[in-house]
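*Asks:* predicted structure and sequence below. I'll ask about it afterward.
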Amino acid sequence: MDWLELTVRTHPDAVESVSELLNRYTGEGVAIEEPIELINEGQEYRVLQGQPVLVHGYLPLDGKEEAITQQIAEGLWHFSSLGEHFVGEMQKRVVKEDEWANAWKDYYHVTHIGQRLVIRPSWREYTPKEQEVVLTLDPGMAFGTGLHPTTRMCLEQVEQRVKSGMHVLDVGTGSGILALAAAKLGAESVYAIDNSSVAVESASENAALNDLSARIKVVLGILDDAEAARLAGRYDLVLANIIAHVIGSIAPQLAQTLAPQGVLVVSGIIEARLHDALDPLLAAGLEQIDKVMIEDWMALILRKRG
């Protein structure tokens with residue numbers, strides 16, 4: 001089967017919105033192509049900040065693509081009303097099956113985060129330097145490799161806060177990238193939960209790829225009252241890289257899972273939606289001890305009061 005590749009040139013602030021729109025209609029995942037400059041003979045890169053980002057989505061050529069493309073174009077028109085610089089015109093091209101299966105891989109490179117963490121896509125070669133901790137990741141088309149600010153902030157917090165022997169909870173694990181980092185940095189066990197079967201499969205495969213299946217347990221589910229009660233007080237570090245209103249909706253459950261001296265790191269919060277997450281977390285008996293920001297994205301660090 002041939003595929004139709006849809007590409008939208010997007011302002012960095014609109015990447016999330018455009019990605020969600022494309023993913024809603026394509027159902028095959030999206031690939032985000034950051035503007036980068038390769039360095040160190042192609043082994044590393046730096047992001048060219050502030051420059052447009054390309055978002056790619058894929059539709060099967062099965063007779064339905066014209067109608068779906070029109071729906072996407074209508075959605076993009078509403079975004080473009082914010083300004084021509086915000087969302088560009090959608091480009092289209094046909095790709096063959098074998099090209100489609102690997103096209104998205106071109107957009108992922110070795111990523112350095114924090115002081116020691118290195119994210120290596122499974123198809124890229126990389127020779128680690130002394131003290132570097134390498135996570136081998138196969139994100140599939142549905143997940144990123146740590147480049148997004150929300151994931152980057154979480155990974156930096158994991159690097160700073162994980163100590164040997166810790167027990168870690170990762171809520172909304174996605175590709176499992178945060179769980180991998182916690183285990184590689186010394187956590188004794190990581191419980192990773194997601195409500196998507198695609199995410200559970202991806203995270204499980206990535207744990208196996210890094211020989212961490214014995215320390216990372218990946219489960220399909222949600223952090224509801226029953227699950228929070230079962231996990232109550234167990235975790236030294238709890239991670240939730242989701243979105244603000246979802247974090248707010250499970251604030252009591254997140255607080256319940258924390259050990260007495262445990263720390264909660266939540267991310268996926270755009271500054272304008274801060275209080276959708278923060279107010280319920282404070283009401284759940286937590287206190288904010290720190291926050292970090294990249295661009296308009298924010299991560300909060302909290303612990304139990306008293």
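*Replies:* Done, it's in. Residues are numbered from 1 along each chain as shown.
*Asks:* list the buried residues in stretch 117-132.
*Replies:* 117-121, 124, 126 (16 or more other Cβ atoms under 10 Å). The way it works is simple: take the backbone N, C-alpha and C, and place the C-beta from them, glycine included.
*Asks:* likewise stretch 198-212?
*Replies:* 199-200, 202-207, 209-210, 212.
*Asks:* including distance to Val158, could the residues you listed go into JSON lines?
*Replies:* As requested, the buried residues of stretch 198-212 are arranged in JSON lines below (distance: Cβ to Cβ, whole Å):
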{"residue": "Ala199", "distance to Val158": "18"}
{"residue": "Val200", "distance to Val158": "20"}
{"residue": "Ser202", "distance to Val158": "18"}
{"residue": "Ala203", "distance to Val158": "15"}
{"residue": "Ser204", "distance to Val158": "19"}
{"residue": "Glu205", "distance to Val158": "20"}
{"residue": "Asn206", "distance to Val158": "15"}
{"residue": "Ala207", "distance to Val158": "15"}
{"residue": "Leu209", "distance to Val158": "18"}
{"residue": "Asn210", "distance to Val158": "14"}
{"residue": "Leu212", "distance to Val158": "14"}
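*Asks:* helices - which of those land there?
*Replies:* 199-200, 202-207, 209 (DSSP state H).
*Asks:* and which of those is nearest to Ala277?
*Replies:* Taking Cβ to Cβ as the measure, Ala277 lies nearest Ala199 of those, at 20.7 Å.
*Asks:* domains of the chain?
*Replies:* Here the domain parsing of the chain from automatic domain parsing is 3-105, 148-304.
*Asks:* would you list the ones you listed in TSV and tack on distance to Glu130 and mean pLDDT?
*Replies:* Formatted as TSV, the domains of the chain follow (distance: least, Cβ to Cβ, whole Å; pLDDT from 0 to 100):
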stretch	distance to Glu130	mean pLDDT
domain 3-105	16	80
domain 148-304	16	94
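*Asks:* could those go into a markdown table alongside distance to Leu135?
*Replies:* A markdown table is the format used below for these (distance: least, Cβ to Cβ, whole Å):
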| stretch | distance to Leu135 |
| --- | --- |
| domain 3-105 | 15 |
| domain 148-304 | 5 |
